[in-house]
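Visitor: only geometry, no sequence info:
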Ligand SMILES: [Zn+2]
């Protein structure tokens, strides 16, 4: 059993502006928590920048060019028009700074590097400590602080480069993984499951949205008691995952359903993230020889996100 963490300092340099929720301190604090001496067995392999050919597995050539052409020489540039109508939305959008071009490449490279190492047996499981996040990014559009869909690129790359038949993606971020759903909703070779609060931006992810039978959306209403959230996780998410076949498990790990997160009307506690990850790893042991790649998404309370990421890392290190 080996656990590795994929991180490059370029991901900290992405700056969407003063007082933006998706700020550098999120990742700095998480990395500090993951460098704790109790995690001395975690490997930290060097990360290479992502390749354009891999980004094109998910995104359109025109959008990829638009992103890199939009990186400003100085200051900030908004690359998203937020037209979602939601009572639960602070109106923040995706913004690039001069260093965002490198950050988005290293975020993708962290995930494809993790795929390489997990699928060649160099590591059993992996945590990708990346930003900007990815699960809202559509094939041709930035959305919700997400530029490239890091986890969707990783899943497609795993299928193409390593001939994997089927992969599963589980997303427990507070928000619906609408970008990931859009990429795979017509593709039964990927099973995608998202838990998320509804109503909440981006106001998608209703249970009726099932794609080609390969999508499971598990909405959680605002102020759902923690016990009810966890029961739904067990009955619906784990119950369904047990019925699916897959060769590698990807996890979109956002920590904004934590009770301390200002975007959340949910009440998960730090230790619950250990439980969620341990549950997933237990299924992964039986389904895909434990091959698991966790990718950081949202989470806006700096301390809750860091302690929750550490809880996930504890589960990865203790994986069966
Ligand atoms: Zn989120």
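Guide: Right, received. Where do you want to start? Predicted, not measured: the structure shown is a model, and the values here were computed from it.
Visitor: residues from the stretch 201-320 of the chain in reach of the ion?
Guide: Listed as neighbours of the ion in the stretch 201-320 of the chain under the rule Cβ under 5 Å from the ion: 254, 256, 298. For glycine as for every other residue, the C-beta is placed from the backbone atoms N, C-alpha and C.
Visitor: hang on, the first one packs against residue 298?
Guide: Yes. Because the distance of 3.8 Å satisfies Cβ atoms under 8 Å, residue 254 is recorded as touching residue 298.
Visitor: what touches both of the two?
Guide: Taking Cβ atoms under 8 Å, 6 or more residues apart in numbering as the contact rule, residue 254 and residue 298 both touch 133, 173, 174, 175.
Visitor: ok, the second one - contacts?
Guide: Counting by Cβ under 8 Å, 6+ apart, residue 173 makes contact with 135, 194, 196, 252, 253, 254, 255, 256, 257, 297, 298, 299.
Visitor: turn these into TSV, including secondary structure.
Guide: TSV is the format used below for the contacts of residue 173 (DSSP: H, G, I helix; E, B strand; the rest coil):
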residue	secondary structure
135	coil
194	strand
196	strand
252	strand
253	strand
254	coil
255	coil
256	coil
257	coil
297	coil
298	coil
299	coil
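Visitor: of those residues, closest to the ion?
Guide: Closest approach to the ion among the contacts of residue 173 (Cβ to the ion): residue 298, at 2.8 Å.
Visitor: okay, that closest one and residue 256: tell me how far apart.
Guide: 5 Å (Cβ to Cβ, to the nearest Å).
Visitor: so what sits against both of those two?
Guide: With Cβ under 8 Å, 6+ apart, residue 298 and residue 256 have common neighbours 173, 174, 175, 263.
Visitor: just the buried subset of the residues you listed, please.
Guide: Burial by neighbour count, 16 or more other Cβ atoms under 10 Å: within these this picks out 173, 174, 175, 263.
Visitor: okay, now the closest residue to the last one other than its chain neighbours: neighbour count?
Guide: Just to be clear, that refers to residue 263. Leaving aside its sequence neighbours, residue 263 sits nearest to residue 256 (Cβ to Cβ, 6 or more residues apart in numbering; 5.1 Å). A count of neighbours around residue 256, defined by other Cβ atoms under 10 Å, yields 27.
Visitor: how about the contacts made by residue 256?
Guide: Going by Cβ under 8 Å, 6+ apart, residue 256 touches 173, 174, 175, 263, 264, 298, 299, 300, 301, 305.
Visitor: is whichever residue of the stretch 101-250 of the chain sits closest to the ion in a helix, a strand, or coil?
Guide: Nearest residue of the stretch 101-250 of the chain to the ion, counting by Cβ to the ion: residue 175, 3.6 Å away. Here residue 175 takes the coil state, with states given by three-state DSSP.
Visitor: which one among the buried ones among the shared contacts of residue 298 and residue 256 gets closest to residue 161?
Guide: Comparing these against residue 161 with Cβ to Cβ places residue 173 closest, at 25.9 Å.
Visitor: and the residue lying closest to that closest one once chain neighbours are set aside, how far from residue 22?
Guide: Once flanking residues are discounted, residue 173 sits nearest to residue 254: 2.7 Å by Cβ to Cβ, 6+ apart. Counting by Cβ to Cβ, the separation of residue 254 from residue 22 is 11 Å.
Visitor: list the residues that contact both of the two?
Guide: Common neighbours of residue 254 and residue 22 (Cβ under 8 Å, 6+ apart) are 133, 298.
Visitor: the two: who's more crowded?
Guide: Per other Cβ under 10 Å, whichever of residue 254 and residue 22 has more neighbours is residue 254, with 25 against 22.
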